[in-house]
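Trainee: got a structure for you, letters missing:
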């Protein structure tokens, strides 16, 4: 698997097509979620994905959380709260999701200094995210007919 992190403008047409195809396969076909996937958030997102045999086999997007205030680090650099979403892997139980998340948690802060990464997690995946250091920060709620909870992970700030 080859891993990438790109802004929207850095994506090739083929990569974007494969991302949308994988998102539809998981969220629309597998999970039966009916929603408008093209929500304009993609334009301001980092797209983190793994390609295997020409397919986007794992994917998530990360964007600045509008609810998370921007602060200043020691050297006056801005730090952000990033939110991840649309997390998927085409094959389950093979460790691809863990690889995706480990790559994302390592690479997102290199692109956007952030003090925290948060998400709206499907309840069935809470233990998976807890193993990666996320903690539940809300009560359960329904989103698109699926039980979710908010989760977050504090990040260490460091610059090269």
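Mentor: Ah, there it is. Remember, predicted model here, so these are calculated numbers, not experimental data.
Trainee: Buried residues in the lengthiest helix in the chain, which are they?
Mentor: Looking across the chain with DSSP state H, the single longest helix is helix 96-111. By 16 or more other CB atoms under 10 Å, the buried positions in helix 96-111 come out as 96, 97, 99, 100, 101, 103, 104, 105, 108, 109. No exception for glycine: its C-beta is placed from N, CA and C like everyone else's.
Trainee: Name the next helix or strand downstream of that helix, please.
Mentor: Next helix or strand after helix 96-111 toward the C-terminus (DSSP states H and E): strand 114-122.
Trainee: Residues contacting the helix or strand following that next one, please?
Mentor: Following strand 114-122 in sequence order, the next helix or strand is helix 126-131 (DSSP H and E). If you take CB atoms under 8 Å, 6 or more residues apart in numbering as the criterion, helix 126-131 is touched by 97, 98, 101, 119, 121, 136, 149, 151.
Trainee: least trustworthy helix or strand in the protein by mean pLDDT?
Mentor: Lowest by mean pLDDT, DSSP states H and E among the helices and strands of the chain is strand 71-72, with a mean of 53.
Trainee: The helix or strand that that one is followed by pairs with which strands, and in what direction?
Mentor: Sequence-wise, the next helix or strand downstream of strand 71-72 (DSSP H and E) is strand 78-89. Next to strand 78-89 in the sheet, as set by DSSP bridges, lie strand 55-64 (antiparallel), strand 71-72 (antiparallel), strand 114-122 (parallel).
Trainee: before we move on, back to that, may I see the contacts of helix 126-131 organised as JSON lines, with pLDDT and distance to residue 37 added?
Mentor: Listed next are the contacts of helix 126-131 as JSON lines, based on pLDDT from 0 to 100; distance: CB to CB, whole Å:
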{"residue": "97", "pLDDT": "95", "distance to residue 37": "20"}
{"residue": "98", "pLDDT": "97", "distance to residue 37": "24"}
{"residue": "101", "pLDDT": "97", "distance to residue 37": "21"}
{"residue": "119", "pLDDT": "95", "distance to residue 37": "17"}
{"residue": "121", "pLDDT": "96", "distance to residue 37": "18"}
{"residue": "136", "pLDDT": "97", "distance to residue 37": "26"}
{"residue": "149", "pLDDT": "97", "distance to residue 37": "22"}
{"residue": "151", "pLDDT": "97", "distance to residue 37": "22"}
